[in-house]
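Q: Let me see the structure of the following:
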Amino acid sequence: MIDIKFLRENPDVVKENIKKKFQDHKLELVDEVIKLDQERRETQAKADEIRAAKNKIAKEIGALMAQGKKEEAEEVKKKVAESAELLKELEAKEPVLEEKVKSIMMRIPNIIDDSVPIGKDDSENVEVQKYGDPVVPDFEVPYHTEIIEKLAGIDLDSAREVAGNGFYYLIGDVARLHSAVLAYARDFMIDKGFTYVIPPYMIRSDVVTGVMSFEEMEAMMYKIEGEDLYLIGTSEHSMIGRFINKMVDEDKLPLTFTSYSPCFRKEKGAHGIEERGVYRIHQFEKQEMVVICKPEESMEWFDKMWSYTVELFRSLDIPVRTLECCSGDLADLKVKSIDVEAWSPRQKKYFEVGSCSNLGDAQARRLKIRVKGEGGNKYLAHTLNNTVVAPPRMLIAFLENNLNEDGSVNIPEKLRPYMGGKDKIVPAK
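A: Modelled structure (predicted):
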């Protein structure tokens, strides 16, 4: 959510930003919110004027009564009664207008960074750089569930009976590999100086609307029936929500966290849920990184964060590339975003395994996360988030890139301590 003052003073800039995001249907919201904001400010000013006059008249009545001028005091009281009715109307109108302005402001997209490429959707995202040499082995790489089934590591049929499509049972060495990747990612980020956190897996609606757009919320979040609680789609939601309505001392910044959580997503939209795969599912686990920092440091942290994900994947012998998200592919709260994509030897192309986002002060504005600087100066923090690793999607890249022709899977040296020293997973007999 952008600053209403900025919108009021720069409506053309806001409209141009909406056009860059190919959301022309939202252009009318700018004029609408300016009109409502003007009415809200006029209403507030009139109410303040009446309140001030009311206090002044109250003193006047007291003085008249002290002088024994009861009749004059009664006449003044009539004027107070008349203004009290008008004040009551204005005070009832104020929160209604405030809510209307807020509702519209939450639908207007954040101002994107000047460096963001302009494009309609993810098909126009721009490759930044490749890391590692993509290899296609001289044997056929099976579909990822076939690889896992040969390792006796998955049961999709039972999961479908228990919970439906989009769920899975991971078993044996594959389940252990899943946990090993998460544990390695945790320690990797701790070594980078991040503080490890396990957050709540459910959050209230005021946090949900503070960390994401309405469109994302509708497409992603599961609501707990009968309660003001939602299952988190990523630990970022809970981690940023931790600072709702808080004032952070500037000397404590940056706050750097790496958090583990299960994630729950409806996955509505064009992509759908795979019946025989674990790429797009309703439930998965993820190691995340979250940073809260000064505005002038957020782009520096943005570059550090995505580079950590690249470094982690390369340490596990997985070639990756970075992809700059174009304007039309950015969620409304994001200023800038880079996806990390891993190489798939089977598909002979890269696929998304993580995303790094700078949200500027949008989440902080919604959640009222402020920083207390020198001399008592207060300002909004900047928030960033990035996927460290998200198995089982990451497992697809891992298994394909470490697969041998006999169906066994090599365990890179960095991961062996988390696998009991194993250097290979072999097919079940």
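Q: Report the separation between residue 172 and residue 392.
A: Residue 172 sits 14 Å away from residue 392, going by CB to CB, to the nearest Å. (C-beta placed from N, C-alpha, C; glycine too.)
Q: more neighbours, the two?
A: Higher neighbour count among residue 172 and residue 392: residue 392, with 24 against 14, using other CB atoms under 10 Å.
Q: Give me the nearest residue to the more buried one, chain neighbours excluded.
A: residue 278 (4.3 Å; CB to CB, 6 or more residues apart in numbering).
Q: give me every residue that touches that neighbour.
A: 144, 145, 148, 154, 168, 284, 392, 393, 395, 396 (CB atoms under 8 Å, 6 or more residues apart in numbering).
Q: cool, and residue 264?
A: 222, 231, 232, 233, 282, 283.
Q: now it, nearest residue through space, not along the chain?
A: Closest residue to residue 264 apart from its sequence neighbours, by CB to CB, 6+ apart: residue 231 at 4.0 Å.
Q: So what sits opposite the one you found in the bridge?
A: For residue 231, the beta-bridge partners are residue 202, residue 222 (DSSP bridges).
Q: That one is in contact with residue 221, isn't it?
A: Yes. In this structure, residue 231 is within contact of residue 221 by CB atoms under 8 Å, at 7.0 Å.
Q: so residue 26 sits in a helix?
A: Yes. Assigned with DSSP: H, G, I helix; E, B strand; the rest coil, residue 26 falls within a helix.
Q: thought it was touching residue 107?
A: Yes. The pair residue 26 / residue 107 is scored as a contact, 6.5 Å apart, by CB under 8 Å.
Q: More neighbours: the two, which one.
A: Applying other CB under 10 Å to residue 26 and residue 107 shows that residue 26 carries more neighbours, namely 18 against 15.
Q: Apart from its neighbours in sequence, what residue is nearest residue 194?
A: In space, residue 194 is closest to residue 258, 4.1 Å off (CB to CB, 6+ apart).
Q: For the one you found, give its distance to residue 236.
A: 11 Å.
Q: before we move on, what about residue 95?
A: 30 Å.
Q: With neighbour numbers in mind, choose between the two.
A: Taking other CB under 10 Å, residue 95 and residue 236 do not tie; residue 236 has more neighbours (28 against 10).
Q: related to what we said a few turns ago, the residue nearest to residue 194: how many residues sit nearby?
A: With other CB under 10 Å as criterion, residue 258 counts 25.
Q: Next up, the contacts around it.
A: 185-186, 189-190, 194-197, 287-290, 388.
Q: Inside helices: which ones of these?
A: Among those, the members found in helices (DSSP state H) are 185, 186, 189, 190.
Q: Spit out the contact partners of the first one.
A: I take that to be residue 185. Contacts of residue 185 by CB under 8 Å, 6+ apart are 258, 287, 312, 388, 389.
Q: repeat that with 7 Å
A: Residue 185 sits next to 287, 312, 388, 389 when contact means CB atoms under 7 Å, 6 or more residues apart in numbering.
Q: Quick one, which of the residues you listed are buried?
A: Among the contacts of residue 185, those scoring as buried are 287, 312, 388, 389 (criterion: 16 or more other CB atoms under 10 Å).
Q: Nearest to residue 123 among the residues you listed?
A: residue 389 (25.8 Å; CB to CB).
Q: Tell me the spacing between the closest one and residue 172.
A: Distance, residue 389 to residue 172, by CB to CB: 20 Å.
Q: Helix, strand, or coil at residue 128?
A: Classified using three-state DSSP, residue 128 is strand.
Q: Contact partners for the nearest residue to it once chain neighbours are set aside?
A: The shortest distance from residue 128 to any non-neighbouring residue, by CB to CB, 6+ apart, is to residue 322 (4.3 Å). Contacts for residue 322 (CB under 7 Å, 6+ apart) come out as 128, 129, 306, 310, 338, 340.
Q: same question, residue 379
A: Counting by CB under 7 Å, 6+ apart, residue 379 touches 370, 371, 373.
Q: quick one: the residue nearest to residue 264 from residue 178, how far?
A: From residue 231 across to residue 178, the span is 20 Å (CB to CB).
Q: same check, this time on residue 370
A: 39 Å.
Q: Ok, residue 72 next?
A: The value you get for residue 72 to residue 178, if CB to CB is used, is 84 Å.
Q: Give me the more crowded residue out of these two.
A: residue 178 (19 against 14).
Q: so the more buried one touches residue 392, yeah?
A: Yes. Contact criterion CB atoms under 7 Å: residue 178 and residue 392 qualify, at 6.4 Å.
Q: Spit out the residues that contact those two alike.
A: residue 170.
Q: low pLDDT regions in this protein?
A: Filtered on pLDDT under 70, the chain yields the residue ranges 54-66, 70-71, 73-82, 268-275.
Q: All the helices of it, residue numbers only.
A: 4-9, 11-20, 27-66, 70-105, 144-150, 156-163, 172-191, 205-211, 214-220, 235-241, 298-315, 362-367, 393-401.
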